[in-house]
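Colleague: I'd like to go over a predicted model; first the sequence, then the structure.
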Amino acid sequence: MPYLRNYRLLISHSWSYQNHYEKIKEWLNNSSNFEWCNHSISADKPYDSSTDRELKEKLTRQISGCSAVIVVAGMYTNYSKWIDYEIDEALRLNKPIIGLKPWGSERTPTKIATNASVLVAWNSTSLRNAVRKYAN
């Protein structure tokens, strides 16, 4: 059996679209021959940060330990300062960004389209293949 790499991934997401985050986790958790560690911040375990600066520092630490950042490429990302920050930090820290286009999506936010290492379709196989190829 080939060596299984344990990918360290942060799934950048909006809590208003928690279903996207949960679906991605489900895909990754149910993938055979695929190990991963979740560096994301979930709605059920949010960071206790009293200031934006504190939260930015915590996010930067999470991203710095990742092998890749997965960003759901829904148009709502245009309106999230935290997803924007996560993309900027991934770029600054030279982390690959895997853009995942939601099912039925007709447009992709410019920030993701221009900065993602790859944009993939909304399915588990495309996502796993992108992680295997781009995560460092």
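Modeller: Now that the structure is in, tell me what you want to look at. Residues are numbered from 1 along each chain as shown.

Colleague: For the rest of this, base every contact and every neighbour count on C-alpha atoms.
Modeller: Fine.

Colleague: Mind jotting down where the strands sit in this protein?
Modeller: Shown for the chain, the strands assigned by DSSP state E span residues 6-12, 35-38, 68-72, 97-100, 118-120.

Colleague: mind giving me JSON lines with those and columns for distance to residue 134 and mean pLDDT?
Modeller: What follows is these, written out as JSON lines (distance: least, CA to CA, whole Å; pLDDT from 0 to 100):
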{"stretch": "strand 6-12", "distance to residue 134": "11", "mean pLDDT": "94"}
{"stretch": "strand 35-38", "distance to residue 134": "14", "mean pLDDT": "93"}
{"stretch": "strand 68-72", "distance to residue 134": "7", "mean pLDDT": "95"}
{"stretch": "strand 97-100", "distance to residue 134": "8", "mean pLDDT": "96"}
{"stretch": "strand 118-120", "distance to residue 134": "8", "mean pLDDT": "96"}
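
Colleague: And the ones you listed: which comes nearest residue 56?
Modeller: Minimum separation from residue 56 across those (CA to CA) falls at strand 6-12, 13.5 Å.

Colleague: and that closest one, which residues are buried?
Modeller: Judged by neighbour count (16 or more other CA atoms under 10 Å), strand 6-12 contains these buried residues: 7-12.

Colleague: so which of the strands of the chain comes closest to residue 61?
Modeller: When the strands of the chain are compared (using CA to CA), the closest one is strand 6-12, at 11.1 Å.

Colleague: List the contacts of the residue nearest in space to the middle of the chain.
Modeller: Nearest to the mean C-alpha position of the chain, by CA atoms, centre = their mean, lies residue 70 at 2.2 Å. By CA atoms under 8 Å, 6 or more residues apart in numbering, the residues touching residue 70 are 9-12, 97-100.
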